[in-house]
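K.L.:
pasting a predicted model and its sequence here:
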Amino acid sequence: MKQTQGKWKVESGPTKYLIFGGGLPVAKTYAKRDIDLVNANLIISAPEMLEMVKEVIQYVEGNGLDKLPREEACNDDFACTLYYYFAKDLIAKVEGGAK
């Protein structure tokens with residue numbers, strides 16, 4: 001599954017926030033509460049967060065920290081490589097679709 005490319009942005013209307021990615025509408029939230037704007041901003045940050053998680057995975061793999069057993073995945077050089085395994089699971093969920 002491929003994500004919508006391009007910078008994502010929020011456009012507000014009288015009753016909703018529309019989220020656009022690459023010029024295409026990707027989601028909407030209601031504009032009745034402050035939390036709705038927070039949710040819209042979270043949605044538009046998703047592509048950047050995905051890239052950051054992928055960079056963490058590359059760092060861990062590039063430094064051989066992924067070779068540690070999952071239950072012992074902590075290292076002084078990296079706060080806790082257990083997060084690597086969580087990141088891998090998250091990427092699989094995102095790129096594999098909803099389960």
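P.N.:
That came through, no problem.
K.L.:
number of nearby residues for Lys32?
P.N.:
A total of 9 residues lie near Lys32 under the criterion other C-beta atoms under 10 Å. Every C-beta, even on glycine, is put in place using the N, C-alpha and C of the backbone.
K.L.:
actually Val38, not the one I typed
P.N.:
11.
K.L.:
what of Gly13?
P.N.:
9.
K.L.:
dihedrals phi and psi, it?
P.N.:
Main-chain dihedrals, Gly13, degrees, to the nearest 10: phi -120, psi -180.
K.L.:
pretty sure it sits against Ala31.
P.N.:
Yes - taking C-beta atoms under 8 Å as the definition, Gly13 is a contact partner of Ala31 at 6.7 Å.
K.L.:
the longest helix in this protein is where?
P.N.:
With secondary structure taken from DSSP state H, the chain has its longest helix at helix 34-62.
K.L.:
ok and the helix or strand following that helix relative to helix 34-62, angle-wise?
P.N.:
The helix or strand immediately downstream of helix 34-62 is helix 82-96, counting by DSSP states H and E. Orientation of helix 82-96 against helix 34-62 (axes from the mean of the first three to the mean of the last three C-alpha atoms, to 10 degrees) gives an angle of 110 degrees.
K.L.:
got the buried residues for helix 82-96?
P.N.:
By neighbour count on 16 or more other C-beta atoms under 10 Å, the buried set for helix 82-96 is 82-85, 87-88, 94.
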